[in-house]
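*Asks:* could you look at this predicted model? Sequence included:
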Amino acid sequence: MKTPKAILALLVLLPALLPATGGRSLAFHEGGAGECEGCHTMHNSEGGFAVASNGRPAGMGNRYLLKGGDSSSTCLNCHEKAGDVGPTSYHVSTPGSEMPFGVPPKQLGPGGDFGWLRKSYTWIPAFGSTLSNSEGDRHGHNVVAGDYGYLQDALKMTAPGGSYPAASLSCVACHDPHGRYRRDQDGSIAVTGKPIRGSGSYAIGAEPDAAMAVGAYRLLGGNGYYPKSLGPAFSFINGPPAAVAPADYNRSESTTATRVAYGQGMSEWCRNCHPNIHRDGSGGGLVHPAGTEAPLGGVMVDYYNRYIKTGDLSGVEATSWLSLVPFEAGTNNYALLRNIVTATPTKGPSTADGTPRVMCLTCHRAHASGWDGATRWNTKTPYVTYSGKYSQEGEAYQPYGQGRSEMEALRAYYDRPASLFSPEQAALCTKCHTSVP
Ligand code: HEC
Ligand code: HEC
Ligand code: HEC
Ligand code: HEC
Ligand code: HEC
Ligand code: HEC
């Protein structure tokens, strides 16, 4: 356990890393290390009382003097809130008590609501079939957050296609709580050097210049990153991805789609923990390229742009973006990525922008989703919609909706009305492939 002395020692070292606050009402991390007191209790006390948690007697406090019983719980103190009426800004989790049977999680950020991990489903696919199921654990990254009821994955001990221990999977396995990774004017990433002036995740706001840097996309860990509690054995070797999100990133997509301009490096970043996934058949048998090895090429770019839904290839580049099947533009040109988000958010892939690619987040969400394998659409059924609906709620056999209520399936598709798809919509692999290979 670290002593207050260690914290104080770091306080001396860290000021140079502290970002100038931009005065935004929501500001906390500002792309770098937020106020220490947001996450740590300086004197092992809170509001005048000694901190006790996780069975430790009062006065013993939490590891690293954290305000929560563990790292992820400390994050969720702010990133999960009871009583949200809908998607709310930086919230990424819905309390279990607000999701009775048939009621979905609320948050619709691009990463996905961890609340899906709390929802398990069973259904009977056809007459005479046995009960099928979709366990909550399968719906994403099982972050360990004891105070909020999130437990380690019961089945997977390590990251598939790699060896990262599931017991150490927490928010800070992926995000650097001290936001040290920063992007300089020339696009390079460093952990020291120019001070961080603000978040580097958004289309509008701070930009790096000759004197100042901005935070890495979503405070993600870069080359050399590891949480102190785990140690350096599983250090990342690939840097954070280049991407730009809109300011209003957590919202219902019932009328318009949310556009994140993914630039490059997401697949390489995921491979920090999943180096061999989909290369050696460890991904449920699916072998699929991603990242620099997977350019769409001119023919597939054209097909993505023409594809609207099953049976309709009348689309055009300007309006072909489908947030359920995103791609990487294949560039780290931030001016271009920012422009896509603000000026042409519905634009599809274009070889004029870069080398458009498939990436891990083409098919997966980074946190969790309503489907097995944290996929963006249900990859375990041939039909995304059937008879014009996502779900067969109330019917005896549920081969396509698979136990999700219509409200849950709709939410899993980010509120995109089923009517925008064909009444018998094929798997979304067909946004790129003429048929599901
Ligand atoms: C967003 C939350 C957050 C903020 C803000 C934060 N920390 Fe931390 N800090 C953590 C977490 C979580 C850990 C434990 C990481 C782990 O699991 O290894 C930690 C660990 C530490 C450690 C021990 C391990 C190490 O990395 O050396 C020190 C020292 C520390 N923090 C100091 C600070 C100081 C000083 C500040 C203010 C400048 C600060 N922290 C701000 C979340 C935070
Ligand atoms: C004291 C409240 C608080 C705590 C504790 C906290 N956050 Fe945040 N977080 C916020 C707020 C407010 C925002 C939105 C404004 C901002 O980005 O500063 C945010 C935004 C973020 C973002 C998006 C930032 C960007 O620039 O794109 C990430 C990622 C994030 N938090 C991760 C974490 C992690 C991981 C932890 C735990 C180690 C944590 N937060 C702990 C309040 C908090
Ligand atoms: C497996 C890695 C991983 C873990 C674990 C993880 N995140 Fe993230 N997080 C990401 C990535 C990657 C993104 C960017 C997603 C995108 O833009 O599509 C992200 C995005 C975010 C955002 C922006 C909102 C959004 O939905 O895109 C916040 C806030 C955030 N994370 C907080 C957290 C908190 C809090 C935890 C722990 C409860 C956590 N993350 C755990 C990888 C992770
Ligand atoms: C073309 C779509 C697609 C792409 C691209 C893709 N995946 Fe997958 N992935 C899937 C599907 C489908 C599954 C099986 C999901 C299920 O049924 O549980 C899967 C499963 C997985 C699993 C779980 C494997 C297991 O043993 O349970 C991991 C981990 C994974 N993918 C990570 C990644 C990473 C990391 C990348 C990028 C390097 C990536 N995927 C790219 C579609 C994709
Ligand atoms: C810090 C390490 C780490 C990073 C980075 C990471 N993962 Fe994982 N991932 C894990 C671990 C550990 C597991 C196994 C435990 C679990 O499933 O909760 C896992 C499981 C998965 C699963 C299987 C979920 C299930 O239970 O079926 C998928 C899919 C996946 N990761 C995709 C990704 C994608 C996509 C990225 C990049 C956005 C990524 N991972 C980045 C550590 C990581
Ligand atoms: C964003 C576009 C895109 C999407 C969506 C997509 N793929 Fe692919 N897929 C590609 C590209 C690019 C390649 C590599 C070039 C090629 O084989 O045409 C590829 C290759 C493949 C291959 C051949 C792999 C090999 O190494 O032999 C299979 C099989 C495949 N995809 C299956 C799928 C399945 C199944 C899905 C849906 C779960 C899917 N793809 C979704 C773009 C996509």
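*Replies:* Okay, I see it. The structure displayed is predicted, hence computed values, not measured ones. Ligands and ions are numbered 1, 2, ... in the order given.
*Asks:* OK, contacts around Gly373?
*Replies:* By CB atoms under 8 Å, 6 or more residues apart in numbering, the contact list for Gly373 reads Arg138, Gly283, Gly284, His364, Thr379. Every C-beta, even on glycine, is put in place using the N, C-alpha and C of the backbone.
*Asks:* all the helices of the chain, residue numbers only.
*Replies:* Taking DSSP state H to define them, one finds helices in the chain at 4-13, 71-79, 171-174, 266-270, 297-306, 334-343, 360-363, 406-412.
*Asks:* which of the contacts of Gly373 count as buried?
*Replies:* Neighbour-count burial (16 or more other CB atoms under 10 Å) applied to those gives Arg138, Gly283, His364, Thr379.
*Asks:* report the contact partners of the residue nearest in space to the middle of the chain.
*Replies:* When CA atoms, centre = their mean is applied to the chain, the residue found nearest the centroid is Gly111 (2.4 Å). When contacts are counted by CB under 8 Å, 6+ apart, Gly111 touches Val92, Arg218, Arg365, Ala366, His367.
*Asks:* quick one, what contacts the closest residue to the second one other than its chain neighbours?
*Replies:* Same thing as Arg218. Distances taken as CB to CB, 6 or more residues apart in numbering put Ser201 closest to Arg218, at 5.5 Å, once the chain neighbours are dropped. By CB under 8 Å, 6+ apart, the contact set of Ser201 is Gly31, Gly215, Tyr217, Arg218, Ala243, Val244, Ala245.
*Asks:* swap in Ser93?
*Replies:* Ser93 touches Leu76, His79, Glu80, Pro105, Gln107, Asp113, Phe114, Gly115, Tyr148, counting by CB under 8 Å, 6+ apart.
*Asks:* name the nearest residue to Gly83, sequence neighbours excluded.
*Replies:* Glu98 (7.8 Å).
*Asks:* what about that neighbour, how many neighbours?
*Replies:* For Glu98, the neighbour count with other CB atoms under 10 Å is 13.
*Asks:* please apply the same query to the one 5 residues further on.
*Replies:* The local packing of Val103 (other CB under 10 Å) involves 14 other residues.
*Asks:* what distance do you get for it to Arg306?
*Replies:* 37 Å (CB to CB, to the nearest Å).
*Asks:* per-residue confidence for the residue of the chain most remote from its centre?
*Replies:* Largest separation from the mean C-alpha position in the chain: Gly128, at 38.2 Å (CA atoms, centre = their mean). Gly128 carries a pLDDT value of 96.
*Asks:* what's the answer for the one 3 residues further on, then?
*Replies:* Leu131 carries a pLDDT score of 97 in this model.
*Asks:* point out the residues in the stretch 151-300 of the chain that sit beside ligand 6.
*Replies:* Taking CB under 6 Å from any ligand atom as the contact definition, the stretch 151-300 of the chain meets ligand 6 at Val287, His288, Pro289, Ala294, Leu296, Met300.
*Asks:* recalculate using a threshold of 5 Å.
*Replies:* Within reach of ligand 6 by CB under 5 Å from any ligand atom, the stretch 151-300 of the chain has these residues: Val287, Ala294, Leu296.
*Asks:* returning to that earlier point: between the buried ones among the contacts of Gly373, which is nearest ligand 3?
*Replies:* His364 (9.3 Å; CB to the nearest ligand atom).
*Asks:* any idea what that closest one is bridged to?
*Replies:* Thr375 (DSSP bridges).
*Asks:* so where do the strands sit in the stretch 251-400 of the chain?
*Replies:* 261-264 (DSSP state E, counting those that start in this stretch).
*Asks:* which positions in it make contact with ligand 3?
*Replies:* Close to ligand 3, as judged by CB under 5 Å from any ligand atom, the stretch 251-400 of the chain has residues Val260, Ala366.
*Asks:* now for Pro295: which residues touch it?
*Replies:* Applying CB under 8 Å, 6+ apart, we find Pro295 in contact with Gly330, Thr355, Pro356, Arg357.
*Asks:* OK, contacts around the first one?
*Replies:* When contacts are counted by CB under 8 Å, 6+ apart, Gly330 is found next to Gly263, Gln264, Pro295, Asp353, Gly354, Thr355, Pro356, Arg357.
*Asks:* give me the residue from the stretch 1-150 of the chain nearest ligand 3.
*Replies:* For the stretch 1-150 of the chain, CB to the nearest ligand atom, closest residue to ligand 3: Gly109, 2.3 Å.
*Asks:* pLDDT score for Val436?
*Replies:* Val436 is given a pLDDT of 85.
*Asks:* any weak-confidence spans in the protein?
*Replies:* 1-26, 43-61 (pLDDT under 70).
*Asks:* quick revisit: right, so of the helices of the chain, which gets closest to Phe234?
*Replies:* Shortest separation from Phe234 across these is recorded for helix 171-174, at 8.7 Å, computed as CB to CB.
*Asks:* tell me, how many residues neighbour the residue of the stretch 251-400 of the chain found nearest ligand 1?
*Replies:* Taking CB to the nearest ligand atom as the measure, the stretch 251-400 of the chain has Cys273 as its residue closest to ligand 1, at 15.7 Å. By the measure other CB under 10 Å, the count of residues near Cys273 is 21.
*Asks:* equivalent analysis for Tyr414, please.
*Replies:* Neighbours around Tyr414, by other CB under 10 Å: 22.
*Asks:* before we move on, what about Tyr303?
*Replies:* Residues near Tyr303, counting by other CB under 10 Å: 20.
*Asks:* start the count at 35 instead of 1 going forward.
*Replies:* Sure, I'll start numbering at 35, so the last one becomes Tyr337.
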